[in-house]
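Visitor: the following block contains a protein sequence and its predicted model.
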Amino acid sequence: MPLIVVGGLGPGNESLVPETSLKLAADHPTFLRTQQHPCAHLFGAEQSLDDIYESSASLENVYTAIVERLVREAFRHGTIGYLVPGSPLVAERTVDLLRKQKKVAVEVIPSVSFLDLAWERLQVDPVAKRVTIVDGQNFEKEVAGLAGSVLVAQCDNRFVLSDIKLSLNTNELPMVTVLQRLGLENESVFEVDWEDLDRDVNPDHLTCLWVSELPVSTTTDAVTQLHKVVGRLRRECPWDREQTHYSLVSGLLEEANEVVEAIELMETEAAGCDGLIEELGDLLFHIVLQCAIGEEKGIFDLGDVARGIHGKMVRRHPHIFDRDPDTPMPSREQLAEQWKAIKAAEETKS
């Protein structure tokens, strides 16, 4: 069976590039996931896969395409090397995908990651501190309901920093320690206020964030508490316990109509928002209750619903999430046609 041997380039300093990676490149055809690494020049003759980043619509598509190419090259050469920034065992999606495929064998050689340098600079024992490591590109989802010490990786652009900043809804915003280019001559470690995260930090692919004590977002906490309340009602309240997806339909329609009435009342009578808040809460209760029933059956839960609508909105708004900044924004008419086309394509696939 063809073999792919995966090694790491280390966190950035040449002295931390493993001898095993240098030997791998000397012994076999070897591919770099990207040339965007301070030590990539040590493997100048090796092929990088940066062209895939330029031709793919999303990061997940990039990783899938990288794995497909590596598998083809392994069949072509028998054994190949594959080198990734840092350690192949830390935040490396392509390694996860390689291990899941069954066409070729995969051997992973551990190496030093940026985490080792981060713990030293922060003077933190991650086990004693019970640190959680999250991906900056999925920050809001990964920290939902989470509190405590957090190290945030993959903070490579201002859009990511902006999303991170906006994801917390709390009165006690934490300070952030920014760690950049650890181990290099231009290493930088400094503190910044949470509100200034996307203004005072010039991010690059060697940027991560340290939050010593992450407060629970009030919005996230409120939804989490509602989920717990509904779960208890399903266990202990006779009425809630006997409800089914279908038995709740009439109440769901009634609550939706009452939301509409509250909105109309605000528009026509300049009423306050208290009525709308209450009616939206009643509707939200129905949604969470439907999810709780699905969760009990093991078919879906509230997270599935949130991820589903999140993914749909991203897919149906390519002019926002996948637009070339040099391309003008489509007109309202073009957006309507685009929406119809994307929706039709989704229905065809399903």
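Guide: All right, it came through fine. Numbering: from 1, shown residues only.
Visitor: show me what the helix of greatest length in the chain is packed up against.
Guide: Counting residues, the longest helix found in the chain (DSSP state H) is helix 274-297. When contacts are defined as 3 or more C-beta pairs under 8 Å, 6 or more residues apart in numbering; DSSP states H and E, helix 274-297 sits against helix 218-236, helix 249-269, helix 302-315. The C-beta positions use only the backbone N, C-alpha and C, and glycine is treated the same way.
Visitor: the inter-axis angle of that helix versus helix 302-315?
Guide: Put simply, helix 274-297 runs at 110 degrees to helix 302-315, going by axes from the mean of the first three to the mean of the last three C-alpha atoms, to 10 degrees.
Visitor: quick one: helix 274-297 to chain centroid distance?
Guide: Distance of helix 274-297 from the chain centroid (C-alpha atoms, centre = their mean, to the nearest Å) equals 26 Å.
Visitor: okay, buried residues for it please.
Guide: 275-276, 279-280, 283, 285-286, 288-295 (16 or more other C-beta atoms under 10 Å).
Visitor: what does it contact?
Guide: 223, 226-227, 230-231, 233-234, 240, 243-245, 248, 251-252, 255-256, 258-259, 261-263, 265-266, 300-302, 304-305 (C-beta atoms under 8 Å, 6 or more residues apart in numbering).
Visitor: now it - C-alpha only, PDB.
Guide: C-alpha atoms of helix 274-297 as PDB (Å, rounded to 0.1, in the frame of the first residue of the first chain):
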ATOM      1  CA  ASP A 274     -41.400  44.400  25.800                       C
ATOM      2  CA  GLY A 275     -44.300  42.700  24.100                       C
ATOM      3  CA  LEU A 276     -42.100  41.600  21.200                       C
ATOM      4  CA  ILE A 277     -39.400  40.300  23.500                       C
ATOM      5  CA  GLU A 278     -42.000  38.200  25.400                       C
ATOM      6  CA  GLU A 279     -43.600  36.800  22.300                       C
ATOM      7  CA  LEU A 280     -40.200  36.000  20.700                       C
ATOM      8  CA  GLY A 281     -39.300  34.200  24.000                       C
ATOM      9  CA  ASP A 282     -42.500  32.100  23.700                       C
ATOM     10  CA  LEU A 283     -41.500  31.200  20.200                       C
ATOM     11  CA  LEU A 284     -37.900  30.400  21.200                       C
ATOM     12  CA  PHE A 285     -39.300  28.100  23.900                       C
ATOM     13  CA  HIS A 286     -41.100  26.100  21.200                       C
ATOM     14  CA  ILE A 287     -38.000  25.900  19.100                       C
ATOM     15  CA  VAL A 288     -35.900  24.700  22.000                       C
ATOM     16  CA  LEU A 289     -38.600  22.200  23.100                       C
ATOM     17  CA  GLN A 290     -38.700  20.800  19.600                       C
ATOM     18  CA  CYS A 291     -34.900  20.400  19.700                       C
ATOM     19  CA  ALA A 292     -35.100  18.700  23.100                       C
ATOM     20  CA  ILE A 293     -37.500  16.100  21.700                       C
ATOM     21  CA  GLY A 294     -35.200  15.500  18.800                       C
ATOM     22  CA  GLU A 295     -32.300  15.300  21.200                       C
ATOM     23  CA  GLU A 296     -34.100  12.600  23.300                       C
ATOM     24  CA  LYS A 297     -34.700  10.600  20.100                       C
END
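Visitor: just the mean pLDDT for it, thanks.
Guide: For helix 274-297, the mean pLDDT works out to 93.
Visitor: also stretch 312-328?
Guide: 84.
Visitor: now do stretch 232-246
Guide: Stretch 232-246 comes out at a mean pLDDT of 93.
Visitor: same question, stretch 125-132
Guide: The model assigns stretch 125-132 a mean pLDDT of 92.
Visitor: put the alpha carbons of it into PDB.
Guide: The C-alpha trace of stretch 125-132 is given here as PDB (Å, rounded to 0.1, in the frame of the first residue of the first chain):
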ATOM      1  CA  ASP A 125       1.300  24.700  32.800                       C
ATOM      2  CA  PRO A 126      -1.700  23.900  30.500                       C
ATOM      3  CA  VAL A 127      -2.700  20.900  32.500                       C
ATOM      4  CA  ALA A 128      -2.700  22.600  35.900                       C
ATOM      5  CA  LYS A 129      -4.400  25.600  34.400                       C
ATOM      6  CA  ARG A 130      -6.900  23.400  32.500                       C
ATOM      7  CA  VAL A 131      -6.500  25.300  29.300                       C
ATOM      8  CA  THR A 132      -8.900  24.900  26.400                       C
END
